[in-house]
Structure formats: C-alpha cells, structure tokens
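Asks: Here's a sequence, model it:
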Amino acid sequence: MRTLIIIFLQFIFQQCFCQISIDSDCLERNSMTVSRIMLELLGQETVQQMLDNKTRMLFILGVDSSGYVSEIKRIRTQNTLDKNVEKKLKRYFGKHKIQMRICYSIDLSSVSYERGLQIARSDFQNSKKKYIIVGFPGELFTHYEYYKTRGYKGIAFNSKLEYLMLRLNDK
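Replies: Below you'll find the predicted structure:
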C-alpha cells in the first residue's frame, strides 16, 4: 500500500509540473522568461542598447523532463558576445532553478489537443535530457513594426525597451 501511494504521488508530481506545451504562444512565453532574466541581470540600459543594435540571441538550453534548465549548452548571436555577459548568464542559470516550457509542434488536425499533449509528454519523459532553443527577444518582436505605428493594446511607446516592457507586463 505504501509503495502504491508513493508511485501515485510521483505520477501526480510529474503530471503537474511538467511544462510541455503545444500551444502557439509557447515560444513567446520562453522568450519572456529569458527577457526578464536579461533585464534583471544586465539592466535596462544594456538591454536597450542590445535592442537598438538589433542584437538577437539564441540560447540552446539543456532541460530535464520538468523543463528545468540544467545547462546553457550554447549562446548564439550575430555579433561576438562579451565573455562577461556569457559568464553572468551561465552563472545565473546555474544558480537559479529556471523552468522553461518545452514546445512541441504537433498537427492537431489528426489528433485531439489532449492526445497531442499526451504524445509530447510521453516522448519527452522517455529521454533523460533534451535541448530546447529560446530566443531573445525572440517571438516578442514579431509584430513590433505593426504596433509601433498603432500602439500596443492602445498604449503608445517610444522605444524598443518600452515595447518589451509592455509585452512582459501583458502576461
């Protein structure tokens, strides 16, 4: 009986905290997480400069089956990344338990949403470590040019940093 209860609790724990997603906003939510970390770690002035210089970063992150980042495998940018920034980021991700969503793309025309999510969870939990790619600013700036002239949800902004802050405070 005791073993059965332990197995049941482990099953519930895995089901509740696994951040697997097949939703369309999954990549955007991961970009939000990384953007918040960038702001906290580097400050608004540095992030403003990065946005103004059109700096794009791709993080290749090792995650466990619950979506917790275990390592930064690589950070890719179009420009050379300052080694101090890279060290700060790696130290931050190592020190804090950062949980990311694990994004899957599944054709939902042939299966239900619930079945698609079940397939994704099963696939992911059958392997020890997987890698995900997260962009900064990533998906958050997909519609920037559109909102620049019209405002984001009726709110005008004057800089890319202000737009990023609006997006981060939105969800």
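Asks: Quick one: mean pLDDT over stretch 36-55.
Replies: The average pLDDT within stretch 36-55 is 93.
Asks: Please report phi then psi for Glu130.
Replies: You called it Glu, but residue 130 is Lys. phi -130, psi 160 (degrees, to the nearest 10).
Asks: mind listing what the residue most central in space within the chain touches?
Replies: For the chain, the residue nearest the mean C-alpha position is Asn30 (1.6 Å; CA atoms, centre = their mean). Contact partners of Asn30, counting by CB atoms under 8 Å, 6 or more residues apart in numbering, are 100-101, 103, 132, 134-135, 138. C-beta coordinates here come from the backbone N, C-alpha and C atoms, glycine included.
Asks: Compare those and tell me which has the most neighbours.
Replies: Val134 (25 neighbours; other CB atoms under 10 Å).
Asks: hang on, the earlier thing: just curious, which of the contacts of Asn30 is nearest to Gln48?
Replies: Using CB to CB, Gly138 is the member of these that sits closest to Gln48, with 16.9 Å.
Asks: who touches the strand ranked longest in the chain?
Replies: Determined from DSSP state E, the single longest strand within the chain is strand 69-77. Contact with strand 69-77 is made by 55-64, 81, 86, 89-90, 93-94, 98-100, 129, 131, as judged by CB under 8 Å, 6+ apart.
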